[in-house]
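J.: Below are the sequence and a predicted model; questions follow.
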Protein chains: 2
Amino acid sequence: MERPAIILLSGGLDSATVLAMARAEGFVPHTLSFRYGQRHAVELAAAERVARHQKVARHVVADIDLRVFGGSALTDDIDVPKDSTPEQMAAGIPVTYVPARNTVFLSFALAYAEVTGATDIFTGVNAVDYSGYPDCRPEYLKAYEAMANLATRAAVEGDRPIRIHAPLVRMTKGEIIRTGLGLGVDYSLTSSCYDPDERGRACGRCDTCALRLKGFAEAGVTDPVPYRGGGS
Amino acid sequence: MERPAIILLSGGLDSATVLAMARAEGFVPHTLSFRYGQRHAVELAAAERVARHQKVARHVVADIDLRVFGGSALTDDIDVPKDSTPEQMAAGIPVTYVPARNTVFLSFALAYAEVTGATDIFTGVNAVDYSGYPDCRPEYLKAYEAMANLATRAAVEGDRPIRIHAPLVRMTKGEIIRTGLGLGVDYSLTSSCYDPDERGRACGRCDTCALRLKGFAEAGVTDPVPYRGGGS
């Protein structure tokens, strides 16, 4: 019997890896990306490339506008932080934090799951590199799952519980990349940079670029995406 | 000290009452409505009227598009059910159910709360009249609150927990209306009908009209909104 699953797909390397892991577990993937006023819209094009390459059953882009509330560098005109030290990144909640982002994203995934008849939702959240984000922690994900099992038609009428899968939550970037390469993920299709140029080339200096480059170094392979100014 | 609160405001009579209750408790209200592809967009105008009449600090309308997933009479082209018996209404999940709606709405409220510095969120959900909606039950709201307290900056850094207030959850429609009238709510500004005509007149026959009319009858007052064809 086909088991559909919803996979949150950002276009970055984490969610591309999660998609491959869901497929390897036998799920039929339905992917979900968001147009949420982000400055790095190039990630939506990456998500679509990844979805096509991994042959998903359906790829949906949902429009949400978190800008109406204000409050984050990714959606406002605050400068993206560059050249942070690992200490700075670990020190607190990053200014690139979008309010309640994973809660909003998972809630849309839950709506998509209900309509699709899926009871499994996959997210690429990671508590190792992003310890400053409260909604990337395992205890948060457990609480979300408990709530989801009281929220939906499936919880009332169904015979299978909702499961929130976060297979990367305790993996390092190097481990994630090695896992993805083993499953055939093409990382040249992904995009992680918070501040790409108009040709989609990564800056090599923002926090996600720094983590990505460190991950590829750990995995012992070269990042296939283009960087401007020799960042890779 | 001013205590801001987020109030989900649909334009119906329940949330107009909740707004008045939050004000009576001393909260400074910030209201939130959604443009979510609903056919009854007249409710957005009602929400704005209610927000203005009750002098809220800020009223935000967020765009979300649950139609990308399909699956409900309120956003698709399925017929709105009319002339249901109370037994039919209580028998199961209504076809007007929007997938994961309250979870999505509360998640946006949580984002708004974070940005506003509020730790209190008010919703008009009601488990008496809408027992068929899984996400209107007290146990769901408790689980949502537990999740929210792990999800946000306030949960990590703040000294006050997030609270989800659902003051109507166990009240009958008649009790809600009597409470609102006691607090000065002008119900002529509200709109509940799932199928209003182009002049905004209620049908008097859909499930929400039926519940509303029954509530006013219980409260012993006449519903001030216009109905077409003598429904009131």
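T.: Everything's here; your move. Nothing here was measured: the structure is a model prediction, and the numbers come from that model.
J.: mind listing the helices in chain A by residue range?
T.: A:13-24, A:42-53, A:86-91, A:101-116, A:138-151, A:153-157, A:173-182, A:207-219 (DSSP state H).
J.: Adding mean neighbour count, write those helices out as a markdown table.
T.: Quick note: C-beta positions are derived from backbone N, CA and C, even for glycine. Formatted as a markdown table, these follow (neighbours: other C-beta atoms under 10 Å in any protein chain shown):
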| stretch | mean neighbour count |
| --- | --- |
| helix A:13-24 | 25 |
| helix A:42-53 | 20 |
| helix A:86-91 | 12 |
| helix A:101-116 | 25 |
| helix A:138-151 | 22 |
| helix A:153-157 | 17 |
| helix A:173-182 | 19 |
| helix A:207-219 | 21 |
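J.: Out of those, the one nearest B:I7 is which?
T.: Closest approach to B:I7 among the helices of chain A (C-beta to C-beta): helix A:101-116, 18.4 Å.
J.: So what's the gap between that closest one and the chain middle?
T.: Per C-alpha atoms, centre = their mean, to the nearest Å, the displacement of helix A:101-116 from the mean C-alpha position of its chain is 14 Å.
J.: Could you export the helices of chain A as a markdown table, including mean pLDDT and distance to chain B?
T.: A markdown table is the format used below for the helices of chain A (pLDDT from 0 to 100; distance: least, C-beta to the nearest C-beta, whole Å):
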| stretch | mean pLDDT | distance to chain B |
| --- | --- | --- |
| helix A:13-24 | 98 | 18 |
| helix A:42-53 | 94 | 14 |
| helix A:86-91 | 56 | 12 |
| helix A:101-116 | 93 | 4 |
| helix A:138-151 | 95 | 4 |
| helix A:153-157 | 72 | 5 |
| helix A:173-182 | 97 | 23 |
| helix A:207-219 | 93 | 17 |
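J.: Go through those helices and name the closest to B:L211.
T.: So among the helices of chain A, helix A:153-157 is nearest, using C-beta to C-beta, at 20.5 Å.
J.: just checking, what's the longest strand in chain A?
T.: As assigned by DSSP state E, the longest strand anywhere in chain A is strand A:27-35.
J.: Identify whichever of the helices of chain A lies nearest to B:G220.
T.: Between these, helix A:153-157 lies closest to B:G220; by C-beta to C-beta that is 34.9 Å.
J.: ok, and what's touching the closest one?
T.: Contact with helix A:153-157 is made by A:113-114, A:119, A:148-149, A:160-162, B:93, B:97, B:99, B:134, as judged by C-beta atoms under 8 Å, 6 or more residues apart in numbering or on different chains.
J.: can I have it written out in PDB, keeping just the CAs?
T.: Extracted C-alpha coordinates of helix A:153-157, given in PDB (Å, rounded to 0.1, in the frame of the first residue of the first chain):
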ATOM      1  CA  ARG A 153      -9.600  14.500  11.500                       C
ATOM      2  CA  ALA A 154      -7.100  11.700  11.300                       C
ATOM      3  CA  ALA A 155      -6.600  11.900  15.100                       C
ATOM      4  CA  VAL A 156     -10.400  11.600  15.600                       C
ATOM      5  CA  GLU A 157     -11.300   9.100  13.000                       C
END
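J.: Return the distance of it from the chain's centre.
T.: What separates the centre of helix A:153-157 from the centre of its chain is 27 Å, taken as C-alpha atoms, centre = their mean.
J.: Next up, the contacts around the closest residue to A:S15 other than its chain neighbours.
T.: In this structure, A:S15 finds its nearest non-sequential neighbour in A:G124, 4.0 Å apart by C-beta to C-beta, 6 or more residues apart in numbering or on different chains. Residues in contact with A:G124 (C-beta under 8 Å, 6+ apart) are A:8, A:10, A:12, A:14-15, A:17-18, A:166, A:168.
J.: between these, which is nearest B:A62?
T.: Of all the contacts of A:G124, B:A62 sits closest to A:L8, with 19.8 Å by C-beta to C-beta.
J.: quick one, phi/psi of the nearest residue to that closest one once chain neighbours are set aside?
T.: Among residues not flanking A:L8 along the chain, A:T123 sits closest, at 4.8 Å (C-beta to C-beta, 6+ apart). Main-chain torsions, A:T123, degrees, to the nearest 10: phi -130, psi 150.
J.: how much space is there between the residue lying farthest from the centre of chain A and B:G132?
T.: Going by C-alpha atoms, centre = their mean, the residue of chain A most distant from its centre is A:E157, 30.1 Å out. Look at A:E157 and B:G132: by C-beta to C-beta, to the nearest Å, they are 11 Å apart.
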